[in-house]
Structure formats: structure tokens, C-alpha cells
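Trainee: The sequence and its predicted three-dimensional model are supplied below.
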Amino acid sequence: MRLADRPFGKVPLLPHESAKDYAHLPYPGVHSFRAGRAAGIEAYRMAGITDPTRELDFIELHDAYASSEIQTYEDLGLCRYGEGYGYVERGDPFLKGIDYGFPVARAGALPVNPSGGLIACGHPVGATGLMQAVFAFWQLQGTIPRHFGDKTLQLARPKRGAIHSHAGTGSSVTVSILERGF
């Protein structure tokens with residue numbers, strides 16, 4: 001579908017957003033998968049999450065290419081639409097304690113893809129969602145060092161994480177919230 005043919009409307013809001021945040025944004029533009037926003041809204045509602053940046057300890061999200069990762073930060077409400085690049089520049093999605101070779105202002109605000117993401121695992125289509133789920137499960141168990149031999153990938157006592165995966169051109173998106181029960 002050409003951008004000119006897309007049905008524009010108001011941005012579907014997450015509980016921590018307001019209509020004035022997007023007063024002048026035609027939605028969805030090329031910067032959003034409508035299904036990603038809808039899946040995030042529904043998953044947060046079902047899990048009782050009102051602000052994912054404060055209530056999640058990590059996210060494993062679909063990053064088959066760099067722009068989809070930034071777009072997904074915005075779709076999931078980790079930052080407002082149009083602010084994904086700044087979210088990365090501040091270092092919000094980076095792990096603490098890792099030397100990235102450049103200064104990171106806020107490493108660990110909400111770590112994204114401590115597994116390394118789809119790109120790091122070779123993005124085996126069809127199996128990436130399983131990889132994300134297993135990694136998230138191990139993260140919540142606290143067993144990442146045992147499985148990967150690298151303690152820098154283990155977050156300190158995470159309680160709740162999210163998995164985001166999409167297929168095709170973003171028309172099929174799932175968001176799952178996992179929580180440690182002990």
C-alpha cells in the first residue's frame with residue numbers, strides 16, 4: 001500500500017501518553033506498524049502495565065534491521081513517535097557495565113535485547129520468536145551466565161520482561177509479558 005493510500009487517524013495512546021503528545025502527527029506514517037502499537041497496548045492492558053519504561057526490566061524485540069528496532073521503541077511507547085533516535089543516543093536500551101566504545105549517558109534505563117537480538121543470532125526466520133522466549137525465560141530465572149558463560153548479559157534480578165516479534169511487513173505482531181513468579 002502506498003503511503004498516500006494509508007488511512008490516517010489519531011495515534012492509539014498508551015496509558016502514559018496524551019493526545020497533545022501527537023497533536024500534529026498523521027498516524028500511521030512510515031514510522032509505525034499499526035499492529036505493533038495495537039499488540040503493545042493489548043499486552044500492557046492484560047498485564048496491568050501503565051508505563052512500560054518503569055514497569056519492565058528488559059525487552060527482547062524484533063530487530064531484523066536497525067530501523068525496525070527504533071520504530072518498535074516508539075510503537076511500544078518506550079519513547080514518543082519521532083524520538084527513537086534520541087532514545088538510542090541517550091543509551092536507554094543499552095546494558096550497564098559494557099564498553100560500547102562510545103559514551104553512553106543512561107545505560108540500562110530499559111535494556112533491550114540483552115541476548116544480542118535477532119541479528120546476533122543470525123535471524124533464523126521462524127525460530128527467532130522461540131529464541132526470544134527462551135532467552136527471556138533464562139533472564140528471569142537468572143541462569144544466563146550458565147547458558148552463555150557471560151555474566152554481563154544477566155540483569156540483576158529482573159522481575160518482568162517483554163517479548164515483541166513481528167512477521168511479514170509488520171501486519172502480524174505479538175507482544176508477550178513474562179513475569180518471574182518467585
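Mentor: Happy to help now that I have it. Numbering: from 1, shown residues only.

Trainee: okay, now the closest residue to residue 22 other than its chain neighbours: neighbour count?
Mentor: Distance criterion CB to CB, 6 or more residues apart in numbering; nearest residue to residue 22, sequence neighbours excluded, is residue 11 at 4.2 Å. Yep, even glycine has a C-beta here, placed from its N, CA and C like the rest. Residues within reach of residue 11, counting by other CB atoms under 10 Å, total 19.

Trainee: Same check on residue 124?
Mentor: 10.

Trainee: same question, the one 4 residues further on
Mentor: When neighbours are counted by other CB under 10 Å, residue 128 registers 21.

Trainee: Next one: it from residue 96, what distance?
Mentor: Using CB to CB, to the nearest Å, we find residue 128 at a distance of 25 Å from residue 96.

Trainee: Same check on residue 15?
Mentor: Using CB to CB, residue 15 is found at 27 Å from residue 96.

Trainee: wouldn't residue 13 be in contact with residue 19 here?
Mentor: Yes: using CB atoms under 8 Å, residue 13 makes contact with residue 19 at a distance of 6.7 Å.

Trainee: how far away is the residue nearest to residue 22 from residue 41?
Mentor: Distance from residue 11 to residue 41, by CB to CB: 11 Å.

Trainee: Give me the secondary structure label for residue 152.
Mentor: Secondary structure for residue 152, judged by DSSP: H, G, I helix; E, B strand; the rest coil, is helix.

Trainee: Please verify my assumption that it contacts residue 95.
Mentor: Yes: checked against CB under 8 Å, the pair residue 152 and residue 95 is within contact range at 6.9 Å.

Trainee: Compare those two (neighbour count), which wins?
Mentor: Under the criterion of other CB under 10 Å, the comparison of residue 152 against residue 95 puts residue 95 first, with 19 against 13.

Trainee: That one: what's it in contact with?
Mentor: If you count contacts by CB atoms under 8 Å, 6 or more residues apart in numbering, residue 95 has them with 107-108, 111, 114, 152-153, 155.

Trainee: Any quick PyMOL command for the buried ones out of those residues?
Mentor: Typed into PyMOL, the line below selects the buried ones among the contacts of residue 95, using 16 or more other CB atoms under 10 Å:
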select buried, resi 107+108+111+114+153+155
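
Trainee: now, the most widely separated pair of the contacts of residue 95?
Mentor: Pairwise distances among the contacts of residue 95 were taken by CB to CB; the largest, 13.8 Å, belongs to 107 and 153.

Trainee: can you map out the strands along this structure?
Mentor: Taking DSSP state E as the test, the strands found in the chain are 58-61, 160-167, 172-179.
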